[in-house]
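Provided below for reference: sequence and predicted model.
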Amino acid sequence: MRKVQRKVFINSSDEEINEFLNSIPAEDIISTHFAVYGYENAADEWTTIFYKADAE
């Protein structure tokens, strides 16, 4: 049985995100979302990945 998982990266490097994406098959990736949230002089970068995984 498969289920949908979510992985969130906050202020992570491109290398860390790409390493995760390379660890799962492309057909298991459902969607990716990138957003920048800022307040005053600070900002956070969020990358969210939804993917299919085997149920445990």
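Nice, I can see it. Model, not experiment: these values are computed from the prediction.

which residues touch the nearest residue to I29 once chain neighbours are set aside?
Distance criterion Cβ to Cβ, 6 or more residues apart in numbering; nearest residue to I29, sequence neighbours excluded, is Y51 at 5.1 Å. From N, CA and C alone the C-beta is placed, and that goes for glycine too. For Y51, the contacting residues are 4-5, 7, 24, 28-30, by Cβ atoms under 8 Å, 6 or more residues apart in numbering.

repeat that with 7 Å
With contact set as Cβ atoms under 7 Å, 6 or more residues apart in numbering, Y51 has these partners: 5, 24, 28-30.

now do the SS call for it.
strand (DSSP: H, G, I helix; E, B strand; the rest coil).

dihedrals phi and psi, the residue of the chain most remote from its centre?
What lies farthest from the middle of the chain is E40; by Cα atoms, centre = their mean that is 25.5 Å. As for E40, its main-chain torsions (degrees, to the nearest 10) stand at phi 50, psi -120.

quick check, L21 in a strand?
No: judged by three-state DSSP, L21 forms no part of a strand; its state is helix.

for it, give its distance to N41.
31 Å (Cβ to Cβ, to the nearest Å).

picking up where we left off before, specify the beta-bridge partners of the residue nearest to I29.
Q5, I29 (DSSP bridges).

swap in I10?
Taking DSSP bridges as the rule, I10 bridges to W46.

what about it, how many residues close to it?
When neighbours are defined as other Cβ atoms under 10 Å, I10 has 10 of them.

quick one: it and D44 touch, right?
Yes: the pair I10 and D44 qualifies as a contact (Cβ atoms under 7 Å) at a distance of 6.0 Å.

could you check the pLDDT of E56?
In this model, E56 is scored at 73, pLDDT.

L21 and N41: which is more packed in?
More crowded of L21 and N41, by other Cβ under 10 Å: L21, with 15 against 5.

local confidence estimate at the more buried one?
pLDDT, read off for L21, is 95.

roughly how far apart are it and E15?
Following Cβ to Cβ, the distance that separates L21 from E15 is 11 Å.
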